[in-house]
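Visitor: Model the structure of this input:
(chains A and B)
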Protein chains: 2
Amino acid sequence: MRLNEIGEFGFIKRFSEKHFQNLPKGYTGIGDDCAVIPNIGGHEYTVSTDMLIEDVHFVRSEIGGYLLGHKSLAVNLSDLAASGSTPCGAFLSIAVPGDVEVEFLDSFMDGFYKLSTVYGCPLLGGDTTGSRHGLAINVTVIGHCPEGRSKGRDKSLPGDIICVSGPLGDSAAGLRYILDPSLERNDNALKLIRRHHAPKPRILLGQQLGSISQVHSMMDISDGVASDIRHILQRSNVSAMIETTALPISPTLRETGLGSSTINELALCGGEDYELLFTVDPAFYTQEWANKMKITAIGRITAAPGQQVIYTENGISTNAFGGGYDHFAC
Amino acid sequence: MRLNEIGEFGFIKRFSEKHFQNLPKGYTGIGDDCAVIPNIGGHEYTVSTDMLIEDVHFVRSEIGGYLLGHKSLAVNLSDLAASGSTPCGAFLSIAVPGDVEVEFLDSFMDGFYKLSTVYGCPLLGGDTTGSRHGLAINVTVIGHCPEGRSKGRDKSLPGDIICVSGPLGDSAAGLRYILDPSLERNDNALKLIRRHHAPKPRILLGQQLGSISQVHSMMDISDGVASDIRHILQRSNVSAMIETTALPISPTLRETGLGSSTINELALCGGEDYELLFTVDPAFYTQEWANKMKITAIGRITAAPGQQVIYTENGISTNAFGGGYDHFAC
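Guide: Predicted coordinates:
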């Protein structure tokens, strides 16, 4: 069955009831011109939005409906995680060609719904419309956190320890398998492809780190550490040193047989990790705390001018790595 | 100059500074993973989102950059107006093919910015991305209003007077001139085309009506009264009578020379008026108040079963009008 057989309202009917039943007290969801989010005393509201375009951000036949629904919400929840917020709700706009199968859309909405229930982020509204050329998806998420406690990128200080929350490069390696049909899709490859298609937003960790005043800046890693750290450096007017041997690499990525140079490039430049990147007061940071939180220190914020990153390998500055670190201005 | 010559960040730089400078106290805007909207004590938050797709919602060469920027925000502000809200801010996602002229995008952002300053709705964040096939635009707006005072569609009562805020059908007539190159574009035609391209969100009227408890339901007219009133009937479980001779028609539309049957069809079914449709307690409504507010009574909510609309012409029920009112289930 195709979308143009059931129309816009037919499609909306298929998923709206269960989101409606999940609505927390005081909320108004799907069905009015505006959704209503109640006031949470002493809290401020955090908002982020991300757009996914067919054949730019995803290949429909590769990712499938369910994981596309998951990922559309996950990449937005990752932004809420980066600010240390608790989700309030999500808004989904979707432009769909009329010949798309309704079963694909049902799977999409199932993937979206499942993740929304895991993180308590009900679908509160949106827009459905036609498209002449492929799917266009936009999700806006709204969260809340105690007043003055949302994390940004502008509070890093020289001496801060730069940390990341999980293994880097898996998603980019997965994308490499998707884009190159000549590569064998063994078990490791399938795990990496899944990491690319089904990122796990770090909401709970974000909330924990958000509640620690000694965590100075925080963001999620969407374009790769090498590119994303620059936003913190620019907003905070600081520089950084990153130790490449400290980058957390998953056993799955190690076992692919890709060379360490390629693996480090994927970890620094690959993007779409959706892990957290943050800087911590060195007086607060301990190895014990890092182990408990399952986070990894990868470098230091410095007072050097120029908002530059210096990469080191075992403490020695290196400017040539698979063609030079300049490439890491991805 | 084309977009792919300056890239995503080059484009963002061209407009972000002036939005940044306009930021109200306590807000965090463009530049972090999340924007931050401060808590307004005693107020709740209202949210709406709308997507505009090239060649579905607009023809790029017809509307031009400036009015497209205006309209992208205006149709969203219209939803805030319908809930009686005061705008907090807007989020813009835009997918752009790399060969689009930067000057077009500058005009787009100028139109967006101008309207955002008129209604105090600063751009707080968004997403820019590439597109393979045409522009895709999504805007999310967030507003606030006193707790429990946002209007919905579910509070209409039998006896309520159905009102609209302004002339109907102009926008649909304008679209007719856009789509049919054989029609002469005289002064009237150009005015109607402008009504289609540059809707004026009824924010101030929405706030005034929102503060009146005897206004029971409210929505904006995006698909045409005949289609939109059904949402109120369904949500409030009531029926309606609409007097077709009461529909407010602008002198411009009257003077086009289109027959009265066509004009009424445009007014009822045309859509994209972005005026307000609301129902008022009859004990509150007076003609004097209607004149003062520049609103028009067009019918009554009834207790009849079936959530149906009966159309009348000078008080006499009519079921045949340019092919029958069934067509008004647009």
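
Visitor: Within range of chain B, give me the residues from the stretch 101-250 of chain A.
Guide: Residues of the stretch 101-250 of chain A lying close to chain B (Cβ under 8 Å from any Cβ of the partner chain) are A:124-127, A:129-134, A:136, A:138, A:140, A:142-143, A:147, A:150, A:152-154, A:218-220, A:231, A:235. Just so you know, the C-beta spots here come from the backbone N, C-alpha and C atoms, and that holds for glycine as well.

Visitor: For chain A, which residue gets nearest to chain B?
Guide: Taking Cβ to the nearest Cβ, chain B has its nearest neighbour within chain A at A:H133, 3.3 Å off.

Visitor: Enumerate every residue touching that residue.
Guide: Going by Cβ atoms under 8 Å, 6 or more residues apart in numbering or on different chains, A:H133 touches A:P97, B:R132, B:H133, B:G134.

Visitor: related to what we said a few turns ago, are any of the residues of the stretch 101-250 of chain A next to chain B buried, and which?
Guide: A:124-127, A:129, A:131, A:133-134, A:136, A:138, A:140, A:142-143, A:150, A:152-154, A:218-220, A:231, A:235 (16 or more other Cβ atoms under 10 Å in any protein chain shown).

Visitor: from those residues, which ones fall inside strands?
Guide: A:124-127, A:129, A:136, A:138, A:140, A:142-143, A:218-220 (DSSP state E).

Visitor: Of all pairs in those, which one is the farthest apart?
Guide: Farthest-apart pair in these is A:T129 and A:M218; separation 34.6 Å (Cβ to Cβ).

Visitor: Would you mind listing where the stretch 101-250 of chain A has pLDDT under the threshold?
Guide: Filtered on pLDDT under 70, the stretch 101-250 of chain A yields no residues whatsoever.

Visitor: residue boundaries of the helices in it?
Guide: A:102-118, A:170-179, A:187-197, A:203-210, A:225-236 (DSSP state H, counting those that start in this stretch).

Visitor: Please, which helix or strand holds A:E8?
Guide: Assessed by DSSP states H and E, A:E8 sits inside helix A:3-21.

Visitor: A:A95: helix or strand, and which one exactly?
Guide: Assigned by DSSP H and E, A:A95 belongs to strand A:86-96.

Visitor: how close does A:D50 sit to A:L124?
Guide: Per Cβ to Cβ, to the nearest Å, A:D50 is found 16 Å from A:L124.

Visitor: ok, now A:F58?
Guide: To A:L124, A:F58 is 24 Å away according to Cβ to Cβ.

Visitor: Kindly indicate which of the contacts of A:H133 lies nearest B:I162.
Guide: B:I162 has its nearest neighbour among the contacts of A:H133 in A:P97, at 36.6 Å by Cβ to Cβ.

Visitor: Now the residue lying closest to the closest one once chain neighbours are set aside. Its backbone dihedrals?
Guide: Nearest residue to A:P97, sequence neighbours excluded (Cβ to Cβ, 6 or more residues apart in numbering or on different chains): A:S131, at 5.1 Å. Note on A:S131: its backbone torsions stand at phi -140, psi 140 [degrees, to the nearest 10].

Visitor: can I assume A:S131 is in contact with B:D55?
Guide: No - using Cβ atoms under 8 Å, A:S131 makes no contact with B:D55, being 9.1 Å away.

Visitor: follow-up on the earlier one: I'd like the ones in strands among the buried ones among the residues of the stretch 101-250 of chain A next to chain B written out as CSV, with distance to B:N264 added.
Guide: Formatted as CSV, these follow (distance: Cβ to Cβ, whole Å):
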residue, distance to B:N264
A:L124, 36
A:G125, 32
A:G126, 32
A:D127, 29
A:T129, 27
A:A136, 35
A:N138, 36
A:T140, 38
A:I142, 41
A:G143, 47
A:M218, 58
A:M219, 55
A:D220, 53
